[in-house]
Structures are given as structure tokens and as C-alpha cells.
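*Asks:* Curious how this folds, go ahead:
(2 chains)
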Amino acid sequence: MSDTRSKIRGFILNHFLFGQDPGLTDGASFLDEGFIDSTGVLELVAFLEKEFGVKVADDELIPDNLDSIDSIARYLAAKKPGT
Amino acid sequence: MKQKTFSSDRLLLDPEQEVEQIGDFMRKVLIKDLRRRGIVLGVSGGIDSAVTAALAVRCLGKERVHCILMPERESSPDTLTLSRLLVDHLGVDHSLEDITETLHAVGFYRRYQEAVRRVVPEYGTGWGSKLVTTDPIEGGGFTFFSLVVADPAGVQKTVRLPIEVYLDIVATTNFKQRCRKQMEYYYADRLNFAVAGTPNLLEYDQGFFVKNGDGAADLKPIAHLYKSQVYQLADYLGVPEQIRLRPPTTDTFSLAQGQDEFFFALPYQKMDLCLYGLNHQIDPAEVGVAVGLQADQVRKVWANLEQKRSTVRYLHLSPLVLRRLPETQREEARGTLHAP
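*Replies:* The predicted structure is shown next:
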């Protein structure tokens, strides 16, 4: 597992699930799983901006970029080529 | 038989019958569930509280209704004028409680300014502000909030809010609704009355209220009515025209803020039809024709409605407990069972 995915997974499990892993796969939709709402998305954005030094633009706040570990990893890779 | 084209006609109600049903409901819960002798409610000069007050007067008698007017220094001047107009029109007992001092005592004005200064350091005396949300039709992404500020010369700018500042501003502004509710329960306890909440269906369904603020009440007599239907009752009950013509406003921020820029994606007439369409599984293309949108735009509004429903579940929940005593449940079941 890449360092990026591992950091995202660590944040998701610790912040939203109190450290309990329900068997979350990298492709699982956070919205479908039901543990992230719109406030949670903003918490996730704050984490990404701080941890990865990116600035998430208004038009990037969409499920395609932020709704699973896979989609976030893809989004960050496109945002910061090489990571 | 072919179903008629979907339109706002679908929301037409029989006002006489509706008033009768609401009256039965109010009397029943007051007698059986709440055991209180009348209704206290806060009036804002808006349509929902005006209709709730008019219903209570019509169905219970004006001696069983007490209205409270609770402006503060950032309230629109219309709020007090229209609230007075209503209570005079209904001839009902009322109290004026300016909550500015209470808000000052809990540090509301200071805390709000400090919260805004986290993103706009120059914010201060003479400035105004309001929260606005994303447009789910244009954007189609996650909901986020921005702060609009205006300097003393009226020059505006918009700043997207980081989560911690957004939460700070919301937590602070919630003081307003919670101070008002505290006052309503003070009067309710003194008079042995119950507190009526005034959300319409759109607000109740979508969680457009503050938990333990305007969301707190003993009964919510119009929570089953679409906003368009509330206007129909207003007409039937003879609510003064100035109140019926006032555009829906939150009256929470120092800059004027329409409900459709803070919370709802569309004006209430269209929002009602979209919600009705979603609830009754109407073809999105048909809903679109009625509200002037494309089918895929209607689907975006629906997605936003569904997303809000799941987000605000917390607001509707009563305190959760691990186990409930059968004796307690038996007592709760004795009422007329209209709790959410």
C-alpha cells in the first residue's frame, strides 16, 4: 500500500470510525458507507490540505475526487505528480 | 384515466378541512400528551409563525395563545413591525423580549466577530456578513459554505470557509435561536402552556433548524405542510398581506440573507415541487417541466435533498439511551403518538 493511501486510510479510520476498521476497501464510497456527511467532507479537505500541502479548489469538491481512498489517491496524484 | 400534468396544483389543499384537522391535533395533544392549557410561540413576522399563531387562535381561542416577539440588534426592522402587525391583527396576548442583552451576556457579538476575523482580519464595526452555500444545480459537488462580508462602504467579498471557522460561526449564531427558545419555555412554564414550533415540511424534512433552538418544541402543527400550502392557509386565515408578501428570510445574519442562498437550492415554490416529486416518485422530466429545469438538474436537486436528509438525522434524534424501561415506554405509548 502506498504511503499516500496509508495516510488517508489512517485518517479515515481514526477520525471518523474511532479506530475501528469495518473492513473498508480502497474503492468503498464514503457516502454510501454512511459515515461521512457534508461536514465530514470539509474535515477531510482540511486534513488533505494540511497533510499533503495542496489547496483544494471549489470546483474540485466533488465525489469523483473525494469519495473513496482510491479517488483521493488519484486526485492527489494528479494534483501533485509523482506522489 | 390519464393523470393530469404535474404542476403546483398538486399541492392545493382544502383549507377548511386542513384547519379542522390541525385543530383536532392541537387539542388532542394538548389534552392527552402534553396536559398544557394553551400555546406559546415566538413570532418573527414570517409566514410560518404567523400561520401557526393564526391557527392556534382559530382552533384554541385567543386566550389560550401567547406570542413572543424577540428581536435583537441585527434583526431586520421588518421583523418587529410585522410581528406587531400580526399580534394586533389576532388580538392576542404577547410579550416583547429584546434578546440583545442576553446575546451580549453570553458573548455572542464578540464571539461572532472573533470567528469572522479568523478569515477576514479587518472585519469590525460597520461591517456586515452572511453565510451562503453552494448551488447544487450548477455545482453538483459536495456542499460547502462561504462567508460574504461587506465593509462599511458596502464593498463585498466572498471567502470559502475552512471547516473550523464554519463550525465556529454556526455554533455562535445558534445562540440566537437557543436564546429565543429559552424565553419561549420561560413563558410556557409560567402559563402552563406548551411551546409550538413553526417549521413547514420543507424545513422539518431538511433539518433547517437549530437543535435545541428553533427545533425544540412540544408540537409542530404545520410540519406536514409544504410551504406553498402554508401560504394557502395564510390566505384562508386572513394573515395580513404584508406578511404574506415578505420574501422568506433567515433574519439571522447582519446582511440580508434569503433562505434560498443559505440552505435551499431554489425558491420555495420550486423547492416544494421538487420535494413532492421526490417523495412521490414523479418522473424527473415531468418535475423539470413544472419548475423550469432539465431532468438532470432535478436529479441534482434530489441528490441534494437526500444528502441533507441523511446529514440532519442527528437534529431529529432524541437523546439516545442503551436501554429503555418497559414502564417508561408504556407511559409514552399512552399519548396520541405523533412524535418523530
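
*Asks:* Near chain B, which residues of chain A? Just list them.
*Replies:* By C-beta under 8 Å from any C-beta of the partner chain, the residues of chain A that approach chain B are A:31, A:34, A:37-39, A:41-43, A:45-46, A:58-59, A:61-63, A:66. (C-beta placed from N, C-alpha, C; glycine too.)

*Asks:* Correct me if wrong: B:Leu273 contacts B:Glu286.
*Replies:* No - between B:Leu273 and B:Glu286 there is no contact under C-beta atoms under 8 Å: 10.1 Å.

*Asks:* Helices - which of the residues of chain A next to chain B land there?
*Replies:* Using DSSP state H, A:Leu31, A:Ser38, A:Thr39, A:Val41, A:Leu42, A:Glu43, A:Val45, A:Ala46, A:Pro63, A:Leu66 are the members of these that sit in helices.

*Asks:* who's in contact with residue 34?
*Replies:* Defaulting to chain A. By C-beta atoms under 8 Å, 6 or more residues apart in numbering or on different chains, the contact list for A:Gly34 reads B:Ser310.

*Asks:* that answer is for a different chain, and I need it for chain B
*Replies:* Taking C-beta under 8 Å, 6+ apart as the contact definition, B:Leu34 lies against B:Ala194, B:Asp218, B:Leu219.

*Asks:* Tell me the spacing between it and B:Leu219.
*Replies:* Using C-beta to C-beta, to the nearest Å, we find B:Leu34 at a distance of 7 Å from B:Leu219.

*Asks:* next one: B:Thr158
*Replies:* Using C-beta to C-beta, B:Thr158 is found at 39 Å from B:Leu219.

*Asks:* Look at those two and report which has more neighbours.
*Replies:* B:Leu219 (22 against 9; other C-beta atoms under 10 Å in any protein chain shown).

*Asks:* thinking the more buried one is in contact with B:Arg27, fair?
*Replies:* No - using C-beta under 8 Å as the test, B:Leu219 is too far from B:Arg27 to be in contact (10.8 Å).

*Asks:* In the stretch 51-200 of chain B, mark out all the helices, start to finish.
*Replies:* For the stretch 51-200 of chain B, helices defined by DSSP state H, counting those that start in this stretch occupy the ranges B:77-90, B:100-105, B:108-117, B:163-191.

*Asks:* what sits against the residue nearest to B:Ser95 when sequence neighbours are not counted?
*Replies:* Nearest residue to B:Ser95, sequence neighbours excluded (C-beta to C-beta, 6 or more residues apart in numbering or on different chains): B:Ile68, at 5.2 Å. Applying C-beta under 8 Å, 6+ apart to B:Ile68 gives the contacts B:Val40, B:Leu41, B:Gly42, B:Val43, B:His94, B:Ser95, B:Leu96, B:Glu97, B:Arg180, B:Met183, B:Glu184, B:Tyr187.

*Asks:* Looking at those residues, which is nearest B:Glu16?
*Replies:* B:Glu16 lies nearest to B:Leu41 out of the contacts of B:Ile68, by C-beta to C-beta, at 22.6 Å.

*Asks:* and that closest one, bridged to which residues?
*Replies:* Applying DSSP bridges to B:Leu41 gives these bridge partners: B:Cys67.

*Asks:* residues in contact with it?
*Replies:* B:49, B:52-53, B:56, B:65-68, B:184, B:195-198.

*Asks:* just those now: which is nearest chain A?
*Replies:* Minimum distance to chain A across the contacts of B:Leu41 is 23.5 Å, recorded for B:Gly197 (C-beta to the nearest C-beta).

*Asks:* any low-confidence regions in the chain?
*Replies:* Just so you know, I chose chain A. Across chain A, the ranges flagged by pLDDT under 70 are A:1, A:80-83.

*Asks:* I was after chain B.
*Replies:* B:1-3, B:139-140, B:258-265, B:335-340.

*Asks:* Show me what from it comes close to chain A.
*Replies:* Proximity of chain B to chain A is confined to B:134, B:139-144, B:160, B:162-164, B:166-167, B:307, B:310-311 under the rule C-beta under 8 Å from any C-beta.

*Asks:* So B:Arg10 belongs to a helix, correct?
*Replies:* Yes - B:Arg10: assigned to a helix according to DSSP: H, G, I helix; E, B strand; the rest coil.

*Asks:* How about it: what's its closest non-neighbour residue?
*Replies:* Once flanking residues are discounted, B:Arg10 sits nearest to B:Tyr276: 6.2 Å by C-beta to C-beta, 6+ apart.

*Asks:* in the host helix or strand of the one you found, what's buried?
*Replies:* Per DSSP states H and E, B:Tyr276 falls inside helix B:268-279. For helix B:268-279, a neighbour-count test (16 or more other C-beta atoms under 10 Å in any protein chain shown) marks B:Tyr268, B:Lys270, B:Met271, B:Asp272, B:Leu273, B:Cys274, B:Leu275, B:Tyr276, B:Gly277, B:Leu278 as buried.

*Asks:* Which residues are in contact with the spatially most central residue of chain B?
*Replies:* Centroid check for chain B by C-alpha atoms, centre = their mean gives B:Pro199 as the closest residue, at 4.5 Å. B:Pro199 makes contacts with B:Asp48, B:Phe208, B:Phe209, B:Asp214, B:Gly215, B:Lys220, B:Ile222, B:Ala223, as judged by C-beta under 8 Å, 6+ apart.

*Asks:* Now the fourth one. Its backbone dihedrals?
*Replies:* Listed backbone geometry of B:Asp214 is phi -70, psi -10, with angles given as degrees, to the nearest 10.

*Asks:* Report the contact partners of it.
*Replies:* B:Asp214 makes contact with B:Gly42, B:Gln177, B:Arg180, B:Lys181, B:Gly197, B:Thr198, B:Pro199, according to C-beta under 8 Å, 6+ apart.

*Asks:* how about a cut-off of 7 Å?
*Replies:* Residues near B:Asp214 by C-beta atoms under 7 Å, 6 or more residues apart in numbering or on different chains: B:Gln177, B:Lys181, B:Gly197.
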